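**Q** Got a sequence here, can you build the structure:
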Amino acid sequence: EFRRVLFRSAVVGRDVDINQSVARPAATQDVIVAAAESSTIRSVAGAPAVSFQKDAVGVGFDLGNVERHAVVWVGRGTAIKAARDVKVDADDTDSLRSVAAALGVGVGGEAGGGSVSFWDVDAEVRAETEAGLSSARPGAEFAAGGGVFVTADGTFSVMQVAGNVAVSGGGSGVALGLTV
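**A** Numbering: from 1, shown residues only. Predicted structure coming up:
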């Protein structure tokens with residue numbers, strides 16, 4: 001079994017001032033608070049079984065667990081100023097390719113093959129500004145000559161294959177495959 005936990009974050013705490021006293025910022029000035037995560041997982045598992053006198057059974061398992069987090073957070077009381085844009089952005093792009101295969105060859109008996117590709121994926125993509133508690137303790141404040149963008153984007157692609165071959169010279173052959 002494969003287990004992977006990935007965490008990317010960008011945090012601006014509470015009561016932080018960013019760019020508040022810049023007298024003459026460039027017209028193209030942006031303030032960007034970002035967390036980005038990207039991964040590609042390729043996993044292959046196989047099991048051959050050959051018997052010349054008895055039964056043959058091959059079983060292949062490709063099992064895994066992936067936990068992904070891309071989080072951006074701006075705390076209350078924080079003030080961010082930019083001549084052009086303020087961007088608070090979280091991005092996550094992932095790809096999973098899984099192949100589980102089995103081969104069962106029984107020359108003098110029965111043959112069987114089975115394979116399972118099972119992956120548990122937990123993904124969190126979040127861009128967040130903390131709300132204020134009152135007018136005396138306001139939430140995050142943004143001042144931008146262009147725009148203020150708070151975005152979170154996640155993309156996940158999966159390709160799972162479970163394949164089997166069962167060949168018998170003296171009996172029956174059975175092959176089963178499952179992807180979850």
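
**Q** For stretch 65-81, buried residues please.
**A** Across stretch 65-81, burial judged by 16 or more other Cβ atoms under 10 Å covers 66, 68-78, 80-81. Bear in mind the C-beta positions are built from the backbone N, C-alpha and C, glycine included.

**Q** would you list those residues in TSV and tack on pLDDT?
**A** Shown next, in TSV, are the buried residues of stretch 65-81 (pLDDT from 0 to 100):
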residue	pLDDT
Val66	86
Arg68	86
His69	88
Ala70	91
Val71	93
Val72	94
Trp73	94
Val74	95
Gly75	94
Arg76	93
Gly77	92
Thr78	93
Ile80	93
Lys81	92
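
**Q** from the residues you listed, which is closest to Val125?
**A** Taking Cβ to Cβ as the measure, Ala70 is the one of these closest to Val125, at 4.9 Å.

**Q** Could you report the distance from that closest one to Ala49?
**A** 42 Å (Cβ to Cβ, to the nearest Å).

**Q** mind listing which of the buried residues of stretch 65-81 are in strands?
**A** 66, 68-74, 80-81 (DSSP state E).

**Q** what bridges to the closest residue to Asp17 other than its chain neighbours?
**A** Of all residues not flanking Asp17 in the chain, Ala79 sits nearest, at 5.2 Å (Cβ to Cβ, 6 or more residues apart in numbering). With DSSP bridges as the criterion, Ala79 is bridged to Asp17, Glu141.

**Q** Nearest to Val121 among the buried residues of stretch 65-81?
**A** Val66 (5.0 Å).

**Q** Can you name the residues bridging to that closest one?
**A** Bridge pairing for Val66 - DSSP bridges - gives Arg4, Val121.

**Q** OK, contacts around it?
**A** 3-6, 41, 94, 96, 119-123 (Cβ atoms under 8 Å, 6 or more residues apart in numbering).

**Q** Of those residues, keep whichever come out buried.
**A** 41, 94, 96, 119, 123.

**Q** Just send the residues you listed back as a markdown table, with secondary structure too.
**A** Below are these laid out as a markdown table (DSSP: H, G, I helix; E, B strand; the rest coil):
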| residue | secondary structure |
| --- | --- |
| Ile41 | strand |
| Asp94 | strand |
| Leu96 | strand |
| Trp119 | strand |
| Ala123 | strand |
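
**Q** low-scoring stretches of the protein, by residue?
**A** When residues are selected by pLDDT under 70, those of the chain lie in 1-2.

**Q** Fine by me, we can end here.
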